[in-house]
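Colleague: have a look at this prediction, sequence included:
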Amino acid sequence: MSSVTPRKMDLEGLIIVLTAEHQEMKEKLANISQCVSRGDFTSAAAVLLQLDGLFRQHIADEEAQVLRVLIGAYGVIGAEEAITVFRQHRPIYQLMQEVKQLASLSPEELASDETKLRSMLEEHTAAEESHVFPRATSTHRESGGEVK
């Protein structure tokens, strides 16, 4: 993945943005699915390119800020749940790259991998929204906004 600079935002504001981006990513994947079902692989590839940039920025922000708060407060062992969830970023991104390549090569494989990507992203965003973000927010509040 190429380097992306994390956004400079208050953690609680960032989590609101990240949660909204989860929905945006899901919408883009639904759009890709519609393009694939219509046989419009050029449009599918264009949406994948947009999703790529969004996902890379999203990962940079989560890992640089959300994870930092949790590791700072609880150490690596105490932040293990978040670390495990964030380790899903790489396989999701790698599958996204495969889907981008397939957009121009194989309609059948593209449809299969797009479905797998959508499922992985759904599980991942659910874990972040139900466990990681609430814990980071409460930790941030308890520390008075101080990050170690």
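Modeller: Looks like it came in fine.
Colleague: what's the burial count for V76?
Modeller: Counted with other CB atoms under 10 Å, the neighbours of V76 add up to 9. In short, each C-beta sits where N, CA and C put it, glycine included.
Colleague: please shift the residue numbers so they start at 524 in all later answers.
Modeller: In the new numbering, first residue 524, that becomes V599.
Colleague: can I assume it is in contact with I606?
Modeller: Yes - the criterion here is CB atoms under 8 Å, and V599 meets it with I606 at 7.0 Å.
Colleague: top helix in the chain by residue count?
Modeller: helix 534-561 (DSSP state H).
Colleague: and that helix, what other elements does it pack with?
Modeller: Using 3 or more CB pairs under 8 Å, 6 or more residues apart in numbering; DSSP states H and E, the elements in contact with helix 534-561 are helix 564-584, helix 630-650, helix 656-665.
Colleague: save those helices as TSV, and put in distance to K623 too.
Modeller: Output for those, formatted as TSV (distance: least, CB to CB, whole Å):
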stretch	distance to K623
helix 564-584	5
helix 630-650	9
helix 656-665	28
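Colleague: for these, which has the smallest mean pLDDT value?
Modeller: Lowest mean pLDDT within the helices and strands packed on helix 534-561: helix 630-650, at a mean of 81.
Colleague: other residues contacting that one?
Modeller: Defining contact as CB atoms under 8 Å, 6 or more residues apart in numbering, one finds that helix 630-650 is touched by 545, 548-549, 552-553, 555-556, 559-560, 562, 564, 567, 608, 611-612, 614-615, 618-619, 621-622, 625-626.
Colleague: which of the helices or strands spans V608?
Modeller: Using DSSP states H and E, V608 sits within helix 603-609.
Colleague: ok, back up a step: list buried residues within the contacts of helix 630-650.
Modeller: The neighbour count (16 or more other CB atoms under 10 Å) marks 545, 548, 552, 555-556, 559, 564, 567, 608, 611-612, 615, 618-619, 621-622, 625-626 as buried among the contacts of helix 630-650.
Colleague: circling back: which secondary structure elements does the helix holding V608 contact?
Modeller: helix 590-601, helix 656-665.
Colleague: if you average pLDDT over that helix, what comes out?
Modeller: On average, the pLDDT along helix 603-609 is 94.
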